[in-house]
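Asks: Below are the sequence and a predicted model for it; my questions follow.
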Amino acid sequence: MSVEDYVGMLRRHIWQIVIPILVMPLVAYGVSLLLPERYTSQTLVLVDQQKVPTSLVQSMVTDQLNERLSTMQQQILSRTKLQPLIEQFNLFKSDVADKVPMEDLVAKMRKAITVTTVKPVTNARQGEVPGFTIAFESDQPHTAQLVCAEITSMFIKENLELRTQRAESTTGFLAKQVEEAKRKLDEKDQRVAEFKRRYLGQLPGQEQVNMNILMGLSQQLEAVNQLLTRTHQDRTYTESLLAQQIAQWEASQQGNNPQTLEMQLSALQNQLITLEGRYTSDHPDVSKMKADIAQLKKKIDEANAAAKDKGMDKDKTAVAKANEPPQIQQLRNQVHQLDVTLKEKTRDQERIQEQIKVYRSRVELSPLVEQQYNEILRDYTTAQQFYDDLLKKRGNSEVATDLERQQQAEQFKVMDPPNLPVNPTFPNRLLFAGGGLAGGMGIGLVIALLLEMKDKSIRTEADIEALLQLPTLALVPSVIEGASNGRGLLSRLRKTEDRALPRAGA
């Protein structure tokens, strides 16, 4: 189809297109007059940043505003929040009169509320918005303004409560964690103290001290052993002198006096004890001494039997000892002192040997004790660091919570209070008229298209060829009387068609 074909179609159906274009805007405008008017009140809320530098106090609320705004929007648009507003401002009177369920009224109010974030600047961080707008639509301008103001205050209050609640929750959580960390730290501390008490003197760093003490004890033991050896020798020598003196003195008194024999027996027994301390029981000196003691005991038994026959008793023994010469008594005192010295030094020897065992075991166990102590100390150090870190975080959280309570942190600030709408936002009558115009044009074009599709008239050579499926040999031009004097759009369209027909026939 050529341009002339479209022009011919337009000429034939011009009124089917023009009439809907003229009528539909009037109809749409009339419909807009019948619709109830709706007024929209709008406010702008900006984000007032934290007044205290974040380098000094770090906020506990780290999520982005758009995420927090979405959460608050879900809470504020809940039935719990919207139903009191519907009852307070007596919204949707006609629906309430018709006993519409509250769920439907709440859903209708949600649709009337619009929350839109403000477009951030170019260099803003991702997810960061400078503010948002709140709009509410109602059939009364004053009601729209009041409800918009109430919703704005709900957003501001919800933001403060949300930030404060999160800060307090964080502080409470950290406080519980600090208590738990302190309990574990006390357990570690008690374990370290018990380990120190258990391995006192064996802890890392005391190895050299234990070695020095062990060397000193070894020297003391050697000195005590030498002193014991000399004391044994002195005692043996003194006992031998005592035995000689007693023998000489008894020889001067009586040859077989039982008291003298008993003193000799005592001396021999002392010598035997000394020898047994130095040699084994199979040693020749020990065997000889035992034989001498047995022989002397036999003599004493014989002397005692003889003494009974003569009427002697034991009281004479004490008298005999009292009558001993001073040299013998002095030797007896020396033997006694040497015995006392031997007992003392033997106790010292045993004590030093026990101490040596203790310090030697400490030195031997030092590597194992050091390993266990390092493990316990490492656990304690880790618990201490964890406790200090939590303590620091709790302090920061408490400061941040006080910042939220004093409203020094990030908060919402109303930049433009809710306006009182003068003109209704719905229906937009110009928009309705424009829509009617577009709709009328569309309807006219559809009607013209349908009529053209139903029209089977033959007007051009192409129509004949399409109908007969044969080539056209000649065309008879149409002659319209008075065409030259015609005026207006129809005459011009007809002239155009007359000029097109001969060209098509040629």
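Replies: All right, it came through fine.

Asks: from here on, contacts and neighbour counts on C-alpha atoms
Replies: OK.

Asks: how far away is Thr341 from Arg347?
Replies: 10 Å (C-alpha to C-alpha, to the nearest Å).

Asks: Which one's more surrounded, the two?
Replies: Thr341 (16 against 12; other C-alpha atoms under 10 Å).

Asks: Can you name the residues that contact the more buried one?
Replies: By C-alpha atoms under 8 Å, 6 or more residues apart in numbering, the contact list for Thr341 reads Thr231.

Asks: Where does it fall, secondary structure wise?
Replies: Under the criterion DSSP states H and E, the helix or strand holding Thr341 is helix 326-405.

Asks: next one: that helix to chain centre, how far?
Replies: Computed by C-alpha atoms, centre = their mean, to the nearest Å, the chain-centroid distance of helix 326-405 equals 38 Å.

Asks: Quick one: mean pLDDT for it?
Replies: Per-region confidence: helix 326-405 scores 85 on mean pLDDT.

Asks: After that helix, which helix or strand is next? Please name it.
Replies: In N-to-C order, the element after helix 326-405 by DSSP H and E is strand 411-416.

Asks: ok, and for the first helix or strand past that following strand going along the chain, which residues are buried?
Replies: Using DSSP H and E, the helix or strand that follows strand 411-416 in sequence is helix 429-454. For helix 429-454, the buried set under the neighbour-count rule, 16 or more other C-alpha atoms under 10 Å, comprises 429, 432-441, 443-445, 447-449.

Asks: lowest-pLDDT helix or strand in the chain?
Replies: helix 488-505 (a mean of 45; mean pLDDT, DSSP states H and E).

Asks: what's the helix or strand encompassing Ala144 packed up against?
Replies: Using DSSP H and E, Ala144 maps to helix 141-198. Secondary-structure packing of helix 141-198 (3 or more C-alpha pairs under 8 Å, 6 or more residues apart in numbering; DSSP states H and E): strand 39-48, helix 65-76, helix 79-89, strand 131-138, helix 326-405, strand 411-416.

Asks: Just send those back as JSON lines, with distance to Val422 too.
Replies: Converted to JSON lines, the helices and strands packed on helix 141-198 look like this (distance: least, C-alpha to C-alpha, whole Å):
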{"stretch": "strand 39-48", "distance to Val422": "8"}
{"stretch": "helix 65-76", "distance to Val422": "27"}
{"stretch": "helix 79-89", "distance to Val422": "20"}
{"stretch": "strand 131-138", "distance to Val422": "12"}
{"stretch": "helix 326-405", "distance to Val422": "39"}
{"stretch": "strand 411-416", "distance to Val422": "16"}
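
Asks: circling back: tell me the angle of the helix holding Thr341 relative to strand 411-416?
Replies: For helix 326-405 against strand 411-416, the angle by axes from the mean of the first three to the mean of the last three C-alpha atoms, to 10 degrees is 10 degrees.

Asks: What mean pLDDT does stretch 453-465 get?
Replies: 72.

Asks: Can you give me every residue that contacts Arg235?
Replies: So Arg235 contacts 334-335, 338-339 (C-alpha under 8 Å, 6+ apart).

Asks: How is it assigned, secondary-structure-wise?
Replies: helix (DSSP: H, G, I helix; E, B strand; the rest coil).

Asks: Use 43 as the first number from now on
Replies: I'll keep to 43 as the first residue from here, and by that count the last item is Arg277.

Asks: do you know which of the helices and strands packed on helix 183-240 lies nearest Val328?
Replies: Distance to Val328, taken as C-alpha to C-alpha, is lowest for helix 368-447 among the helices and strands packed on helix 183-240, at 19.6 Å.

Asks: State the pLDDT value of Glu229.
Replies: Confidence score, pLDDT, at Glu229: 90.

Asks: And for it, the neighbour number?
Replies: 14.

Asks: Likewise for Gln376?
Replies: Look at Gln376: counted by other C-alpha under 10 Å, it has 17 neighbours.

Asks: What about Leu270, how many residues nearby?
Replies: Neighbours of Leu270 using other C-alpha under 10 Å come to 20.

Asks: wait, it sits on Leu384?
Replies: Yes. Using C-alpha atoms under 8 Å, Leu270 makes contact with Leu384 at a distance of 6.4 Å.

Asks: Buried residues of stretch 251-270, list them for me.
Replies: Across stretch 251-270, burial judged by 16+ other C-alpha under 10 Å covers 252, 255-256, 259-260, 262-263, 266-267, 269-270.

Asks: got CSV for those residues, with pLDDT too?
Replies: Shown next, in CSV, are those (pLDDT from 0 to 100):
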residue, pLDDT
Asn252, 77
Ile255, 84
Leu256, 82
Leu259, 85
Ser260, 88
Gln262, 88
Leu263, 86
Val266, 88
Asn267, 89
Leu269, 88
Leu270, 87
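
Asks: Return the closest of those residues with respect to Leu419.
Replies: Asn252 (21.7 Å).

Asks: Check which helix or strand that closest one maps to.
Replies: Going by DSSP H and E, Asn252 is part of helix 249-295.

Asks: C-terminal to that helix, what's the next element?
Replies: helix 300-320.

Asks: next helix or strand past that next one?
Replies: Downstream of helix 300-320 (by DSSP H and E), the next one is helix 326-351.

Asks: just how off-centre is the helix holding Asn252 within its chain?
Replies: That offset, for helix 249-295, works out to 72 Å (C-alpha atoms, centre = their mean).

Asks: do stretch 189-202 as well
Replies: Average the C-alpha atoms of stretch 189-202, do the same for its chain, and the two points are 34 Å apart (C-alpha atoms, centre = their mean).

Asks: Okay, buried residues for that stretch please.
Replies: Result for stretch 189-202 [16+ other C-alpha under 10 Å]: buried residues 189-191, 193-194, 196-198, 200-202.

Asks: Reformat those as TSV; add distance to Lys153.
Replies: Below are the buried residues of stretch 189-202 laid out as TSV (distance: C-alpha to C-alpha, whole Å):
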residue	distance to Lys153
Val189	14
Cys190	13
Ala191	17
Ile193	14
Thr194	16
Met196	17
Phe197	17
Ile198	21
Glu200	20
Asn201	22
Leu202	25
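
Asks: Can you tell me which of the residues you listed lies closest to Gln106?
Replies: With C-alpha to C-alpha as the yardstick, the closest approach to Gln106 among the buried residues of stretch 189-202 comes from Asn201, at 12.5 Å.

Asks: What separation is there between that closest one and Gln453?
Replies: 7 Å.

Asks: what's the answer for Asp334, then?
Replies: 114 Å.

Asks: neighbour count winner among these two?
Replies: In terms of neighbours (other C-alpha under 10 Å), Gln453 is the more surrounded of Asp334 and Gln453; the figures are 19 against 15.

Asks: any idea of the pLDDT on that one?
Replies: pLDDT, Gln453: 78.

Asks: So what's the residue count around the nearest residue to it once chain neighbours are set aside?
Replies: Distance criterion C-alpha to C-alpha, 6 or more residues apart in numbering; nearest residue to Gln453, sequence neighbours excluded, is Asp90 at 5.3 Å. For Asp90, the count of nearby residues is 15 (other C-alpha under 10 Å).

Asks: Is it correct that Asp90 is in contact with Lys455?
Replies: Yes. Between Asp90 and Lys455 there is a contact under C-alpha under 8 Å: 6.1 Å.
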